[in-house]
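Asks: Based on what follows, work out the 3D shape:
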Amino acid sequence: MATDNKPPLIWLVIGDKGGDNAQVTMVSNALGLPVVTKTVLPKPRYVLGKPFFRPSLHHLDLQRSDPLEGPWPDLILTIGRRPAMAALWIQKQSQQTSKIVLLGRPKRFRKRFSLIITPCQYQVPDDPQLLRLKLPLFSVDKEAITAEGAAWQARLEQLPRPITALMVGGKTDPFRFDADTARELMASIRAATANGSLYISTSRRTAPAVTDIIRQQLPDNGRLFCWGDDNKDNPYRALLSQADNFVVTGDSISMMVEVALMNQPLAIYRLPHQRGILARLKLAATGYGPLAIIVKPLFRLLQSLGLVGYTRDLTNIHRYLYEQQLAVPFGEDWLESGGHTENNALAPISQRIRQLLDE
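Replies: Reported below is the predicted structural model:
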């Protein structure tokens, strides 16, 4: 695609989600080629609302987004529903010459992506276009974590050891995380951390009802940071450096992987499944429960027709972390430390992208 005198034109088409953007940037940096970043921002109703997935710009706030105009790129790196829709629109304007590399899972139009890079939680069928990752792409800024740990050292060293950090996420399919779940969590964590200190940190996705239960049932040896109280004084990074043990609720991919990448003792708190017939059907489509023998094949047929998206099973990440001795289920003894130091998927990703550019 590139010539001796003209390097390939590569666009990074990203959106308003910092975590997604960071993953695309990691791939771009590893590739080591010049890129042009195109930030596309959704209209207010599509910040949380999901637009129907098709090649289009109708969901974007074009006045706040970067202009999308020729010359069209040779290659597009993108991630997420809203930027991927824009990438497909760009490909259409290029008369299908722009190749798209998608991080994550395709919603529809799977064959229009030249390469799909998907972590293990997504149940996408094997395909020559698919590069399956064992863990999601996350970069841990160890220098920043060490600096935050040093800044907090005077406060944290006053707490009796061991310090157990409980990182709390929020409801996400297929898990339920309501007030009852929060009560069960607090009863379990109080019993497990009777000695030493407990430091709890909630996140952006933690529901107010869950935060209220945690606050009400915080033990005498516990401290609590609630997301939104004073994010300039967030202890999360300091705890990654200074805490002795970690418990992460099983919904939070980023927190589980970050603790593992820091080689810290990690226990995963498995959340209960959501209730109701719709939740049971979603779970069966993923392969769990007595309905799976009927629902899963039907769901695969609908996926092949492009009528539904690909399912997600977060317990695949749990299982991988257990198999690699990077984590244990909550209730078992913490491992002294993990053995995972780097997310080494970037080399094969770069190799596959360079192959695309040479075709």
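
Asks: name the element the closest residue to residue 120 other than its chain neighbours belongs to?
Replies: Ranked by C-beta to C-beta, 6 or more residues apart in numbering and with sequence neighbours excluded, the top spatial neighbour of residue 120 is residue 316, at 4.5 Å. Heads up, the C-betas are built off the backbone N, CA and C, glycines and all. Here residue 316 sits within helix 315-323, counting by DSSP states H and E.

Asks: ok, and what's touching that helix?
Replies: With C-beta atoms under 8 Å, 6 or more residues apart in numbering as the test, helix 315-323 has contacts from 119-121, 134-136, 250, 253, 256-257, 260, 266, 268, 270, 327-329.

Asks: Equivalent analysis for stretch 212-220, please.
Replies: Outside stretch 212-220, the residues touching it (C-beta under 8 Å, 6+ apart) are 168, 179, 182-183, 185-187, 190, 193, 198, 200, 202, 224, 226.

Asks: now do stretch 94-104
Replies: So stretch 94-104 is contacted by 1, 20, 23-24, 27, 70, 72-80, 84, 87-88, 90-91, 112-119, 122, 137, 353, 356 (C-beta under 8 Å, 6+ apart).

Asks: When you filter these down to buried only, what's left?
Replies: Buried residues within these, counting neighbours by 16 or more other C-beta atoms under 10 Å: 20, 23-24, 27, 72-80, 84, 87-88, 90-91, 112-119, 122, 137, 353, 356.

Asks: Buried ones in the helix holding residue 316, by neighbour count?
Replies: 315-318, 320-321.

Asks: for the residue nearest to residue 142 when sequence neighbours are not counted, what are its contacts?
Replies: Leaving aside its chain neighbours, residue 142 sits nearest to residue 262 (7.4 Å; criterion: C-beta to C-beta, 6+ apart). Contact partners of residue 262, counting by C-beta under 8 Å, 6+ apart, are 140, 142, 145, 240-241.

Asks: same check, this time on residue 274
Replies: When contacts are counted by C-beta under 8 Å, 6+ apart, residue 274 touches 171, 173-176, 282.

Asks: 10 Å - rerun?
Replies: 171-178, 280, 282-283 (C-beta atoms under 10 Å, 6 or more residues apart in numbering).

Asks: By neighbour count, which of those wins?
Replies: residue 177 (24 neighbours; other C-beta atoms under 10 Å).

Asks: Spell out the secondary structure type for residue 187.
Replies: For residue 187, the secondary structure call by DSSP: H, G, I helix; E, B strand; the rest coil comes out as helix.

Asks: returning to what we had before: in helices, which of the buried ones among the contacts of stretch 94-104 appear?
Replies: 20, 23-24, 27, 84, 87-88, 90-91, 353, 356 (DSSP state H).

Asks: Would you format the residues you listed as JSON lines with distance to residue 293 and pLDDT included?
Replies: Putting these into JSON lines (distance: C-beta to C-beta, whole Å; pLDDT from 0 to 100) gives the following:
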{"residue": "20", "distance to residue 293": "35", "pLDDT": "87"}
{"residue": "23", "distance to residue 293": "35", "pLDDT": "90"}
{"residue": "24", "distance to residue 293": "38", "pLDDT": "93"}
{"residue": "27", "distance to residue 293": "38", "pLDDT": "94"}
{"residue": "84", "distance to residue 293": "32", "pLDDT": "96"}
{"residue": "87", "distance to residue 293": "37", "pLDDT": "97"}
{"residue": "88", "distance to residue 293": "35", "pLDDT": "97"}
{"residue": "90", "distance to residue 293": "42", "pLDDT": "97"}
{"residue": "91", "distance to residue 293": "38", "pLDDT": "97"}
{"residue": "353", "distance to residue 293": "39", "pLDDT": "94"}
{"residue": "356", "distance to residue 293": "39", "pLDDT": "92"}
